[in-house]
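Q: Quick one: sequence plus predicted model below, questions after.
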Amino acid sequence: MQKVTVGVVPKVKMAPFDNKRRKQVGILGGNFNPVHVMHLIIADQVGQLLGLDEVYLMPEYLPPHIDAKETISAEHRLAMLELAVEGNPRLKIEDIEIKRQGISYTIDTMKILKEKNPDVDFYFIIGGDMVAYLPKWHQIDELVKMVQFVGVKRPEYSQETPYPIIWVDIPQMDLSSSLIRKKIAQGCSARYFLPDPVLNYILEKGLYLDEI
């Protein structure tokens, strides 16, 4: 099992050696409905711990495991992400799955990104709770050859996996997008759960008011 060393970029054998430094890019996928502070903390911390050049927040168009009726439009989710990363040069938005539409299978996305960016090594960030589901991911055996998975440790979940994972320790908070949506629908304050510009956008647009 591969372990992370703070401040050192792990050597990932993903392309033939050359003298030109390859760009190191992290990807944090998700529904971001809405984006909240833990998404940003994970992206920023992984970027710093692994010395990545950039970390892309990549919203899904239609996740395989989520009912489309529960997801607001891509336009709103992208707008909130743009507001959330403003001012942090390390964090970027990757909207490839929104533009492609359809079900967002990671393997299809990474094939396109690798083809467009042959000089980039990609680090795909997932929560510790998702590691156990990796065997069920679409074409996972091919996917692990294309990206380096990075697992965010969670104390209640095992780190045992047959796949190569770089594990990182990041401060945890029990916060989810579904909790934020319910808070807003109930008229409760969601302040500090997400960046102020994102919260202001939600209130201005009247989003999540009908959450069950």
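A: Cool, got the structure.
Q: Kindly provide the distance from I93 to E86.
A: Relative to E86, I93 is positioned 10 Å away (criterion: CB to CB, to the nearest Å). Any C-beta I mention is one placed from the backbone N, CA and C, and that applies to glycine too.
Q: the more surrounded of those two?
A: The neighbour comparison of I93 against E86 (other CB atoms under 10 Å) goes to I93, with 15 against 10.
Q: Next up, the contacts around that one.
A: Shown here is I93, whose contacts under the criterion CB atoms under 8 Å, 6 or more residues apart in numbering are 56-59, 78, 81-82, 85.
Q: secondary structure element for the residue nearest the centre of the chain?
A: The chain has L28 as the residue nearest its centroid, 1.8 Å off, counting by CA atoms, centre = their mean. L28 is part of strand 23-30, with elements assigned from DSSP states H and E.
Q: got the buried residues for the helix or strand hosting I202?
A: When elements are assigned from DSSP H and E, I202 belongs to helix 196-205. Taking 16 or more other CB atoms under 10 Å as the basis for neighbour counts, the residues of helix 196-205 that come out buried are 198-199, 201-202.
Q: One more: stretch 147-156?
A: For stretch 147-156, using 16+ other CB under 10 Å, the buried residues are 147-152.
Q: Any chance of TSV for these, columns secondary structure, distance to F124 and pLDDT?
A: Compiled in TSV, the buried residues of stretch 147-156 are given as follows (DSSP: H, G, I helix; E, B strand; the rest coil; distance: CB to CB, whole Å; pLDDT from 0 to 100):
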residue	secondary structure	distance to F124	pLDDT
V147	coil	4	97
Q148	strand	7	98
F149	strand	5	98
V150	strand	7	98
G151	strand	10	97
V152	strand	12	97
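Q: Can you tell me which of those residues is nearest V46?
A: Distances from the buried residues of stretch 147-156 to V46 were compared by CB to CB; the smallest belongs to V150, at 5.9 Å.
Q: Which strand residues bridge the closest one?
A: V150 has the following beta-bridge partners by DSSP bridges: I125, I166.
Q: residue contacts, it?
A: So V150 contacts 4, 26, 46, 50, 123-126, 165-168 (CB under 8 Å, 6+ apart).
Q: Give the residue spans of the protein that score low on pLDDT.
A: For the chain, the stretches with pLDDT under 70 are 1-19, 63-69, 211-212.
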